[in-house]
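> My questions are about this predicted structure, shown below with the sequence.
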Amino acid sequence: MVHLTALWLPIVLSAVIVFIASSVMHMVLPYHRNDYGQLPDESKVLNAIRAAGVKPGLYMFPFCTPKEMNTPAAAEKFKQGPVGQLTVMPSRPIAMPKFLTMWFVFSLIVSYFVAYLTGRTLAPGADYLRVFQVAGTAGFLAYGLGNLSNSIWRGRPWSVTIKEVIDGLIYGLLTAGTFGWLWPR
């Protein structure tokens, strides 16, 4: 068993490496550029949302309670469409520093739990490959597989989800390499 205090460097460094890699993957590489599309006649849709007084929150349309779900009226609404979910954020400029800070904190939290699991599973001096396997599996679970539920339950295109899972695999591998490299001897 390895105490978490002995793993502070791989925790912090793996979070920094994932943060840098994700920045490069999203800002430099082109494969995420078509993940989101523009609404047709965007200004008309935005004006309608404003006029309806929609507040920040998560909405589903057409909306119906579980009791109403199997009624003919609900079936007709779903048949006519559109069907979807809408996330409305507060009206202000996109706060990239805030989002990037939250992403870094998330990466630190993931690395902390990777350290916890790996530290409870392996002893000091464990082989690099064994550390890589345990840390990489935990990192991939945290960064990658949770994205699958977005396509299952929220209708996110599978092409976007698969890219996010691949990103998560890369982040997990980077985390694994960092822990394997800096594992206490």
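Yep, that arrived.
> Quick check: next helix or strand after the host helix or strand of Val131?
Assigned by DSSP states H and E, Val131 belongs to helix 128-143. Following helix 128-143 in sequence order, the next helix or strand is helix 148-154 (DSSP H and E).
> tell me which residues in that following helix are buried?
Under the neighbour-count criterion of 16 or more other Cβ atoms under 10 Å, helix 148-154 has 148, 151 buried. Yep, even glycine has a C-beta here, placed from its N, CA and C like the rest.
> Give me the helices and strands touching that helix, please.
Secondary-structure packing of helix 148-154 (3 or more Cβ pairs under 8 Å, 6 or more residues apart in numbering; DSSP states H and E): helix 158-182.
> follow-up on the earlier one: may I see the buried residues of the helix holding Val131?
Applying 16+ other Cβ under 10 Å to helix 128-143 flags 131-136, 138-143 as buried.
> Include distance to Gly84 when you put those into TSV, please.
Shown next, in TSV, are those (distance: Cβ to Cβ, whole Å):
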residue	distance to Gly84
Val131	43
Phe132	41
Gln133	40
Val134	40
Ala135	38
Gly136	35
Ala138	34
Gly139	32
Phe140	29
Leu141	29
Ala142	28
Tyr143	26
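> which residues touch Ala126?
By Cβ atoms under 8 Å, 6 or more residues apart in numbering, Ala126 lies in contact with Trp183.
> Let me know the distance separating it from Lys79.
Applying Cβ to Cβ, to the nearest Å, the value for Ala126 to Lys79 is 58 Å.
> Looking at the buried residues of helix 128-143, which is nearest Trp103?
Tyr143 (11.0 Å; Cβ to Cβ).
> just checking, that closest one touches Ile109?
No. Using Cβ atoms under 8 Å, Tyr143 is not in contact with Ile109; the gap is 11.3 Å.
> Kindly tell me how buried Val114 is, as a neighbour count.
Here the number of neighbours of Val114 (other Cβ atoms under 10 Å) works out to 30.
> which ones are touching the residue nearest to it when sequence neighbours are not counted?
In this structure, Val114 finds its nearest non-sequential neighbour in Ala138, 4.5 Å apart by Cβ to Cβ, 6 or more residues apart in numbering. The contact partners of Ala138, taken as Cβ under 8 Å, 6+ apart, are 113-114, 117-118, 172, 175.
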